[in-house]
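Q: After the sequence you'll find the predicted model.
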Amino acid sequence: MDHFADDLLTNDPRLRDLRVNVTFDRGVAHVTGAADSRAHLALLRDLLGRYEGVYAVWDRVAVAGREPVVLDLGCGDTLQQPGSLGIDWRPGRGVAVVADLAAGIPVRTNSVDRIFTVHVLEHLIDYLPLLDECHRVLRPDGVLHVLAPWWRHVNAVADPTHVRYFDPQTIKSICERRDAAYPWRPLHATCDGATVFADLAPARPGDDTPGPAFLARFFD
């Protein structure tokens, strides 16, 4: 996969202004470096996500000289990326802010570029309010990264603190909620047989609602 990314960055003229490095770890494409615009980064994300075997695209890229603001919710002792702001309900090595996420995310509206919820949502009886909060604090071009155990894998039932089960169709239903005040648009969504991966973008008023043809790219 590393050779694929190198070829893409070298030969696609639309990406030559990107000064980034792409590595792969267990199906996740990790992008670091710098970009002149969000549009170039979004194009790279889309192209990487179309490659077979890529389950998610996690970037930490400075855009126009500004470093991204990244939240790691329910991080415990481990941050997904160095420099992220860890938020959890109890102290841990990766925790910078102790807060009950059921009461909201203690961050300003439209102030965050990336949010990680890695093996978090399956522990919440009702995680939709937290998704709404993620939508609120993300910038319009932000991304929410979701990882959760697939419902048919033993990891989904082995932990007695899991109260929710996930499938790619769960992500589809989240994106299809017509009554949602905070709608989501899928950037990537898949399952590797053990884990459900999803990268979601906050849809804004006036955005086109993802139709069946678009959703079929990920779910059908």
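A: Now that the structure is in, tell me what you want to look at. Numbers count the residues shown, from 1 in each chain.

Q: C-alpha only now, for contacts and for neighbours.
A: Will do.

Q: In CSV, list the C-alpha atoms belonging to the one helix or strand residue 86 maps to.
A: Per DSSP states H and E, residue 86 falls inside strand 85-88. Only the C-alpha atoms of strand 85-88 are listed here, as CSV (Å, rounded to 0.1, in the frame of the first residue of the first chain):
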residue,chain,number,x,y,z
LEU,A,85,-6.6,16.5,23.5
GLY,A,86,-7.8,13.5,25.5
ILE,A,87,-11.1,13.7,27.3
ASP,A,88,-12.4,11.0,29.6
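
Q: packing partners for that strand?
A: strand 70-73, strand 97-98 (3 or more Cα pairs under 8 Å, 6 or more residues apart in numbering; DSSP states H and E).

Q: Run the chain-centre distance for it.
A: Distance of strand 85-88 from its chain centroid, counting by Cα atoms, centre = their mean, to the nearest Å, is 16 Å.

Q: Partner strands of that strand and their direction?
A: Within its sheet, and counting by DSSP bridges, strand 85-88 is paired with strand 70-73 (parallel), strand 97-98 (parallel).

Q: Okay, buried residues for it please.
A: Neighbour counts over strand 85-88 (16 or more other Cα atoms under 10 Å) mark 85, 86, 87, 88 as buried.

Q: quick one, which of the strands paired with strand 85-88 is nearest to residue 147?
A: strand 70-73 (11.7 Å; Cα to Cα).

Q: Could you give the average pLDDT over the closest one?
A: Here strand 70-73 scores 98 as its mean pLDDT.

Q: now do stretch 123-136
A: 96.

Q: ok, now stretch 167-186?
A: 90.

Q: part of a strand, is residue 169?
A: No. Read with DSSP: H, G, I helix; E, B strand; the rest coil, residue 169 is helix and lies in no strand.
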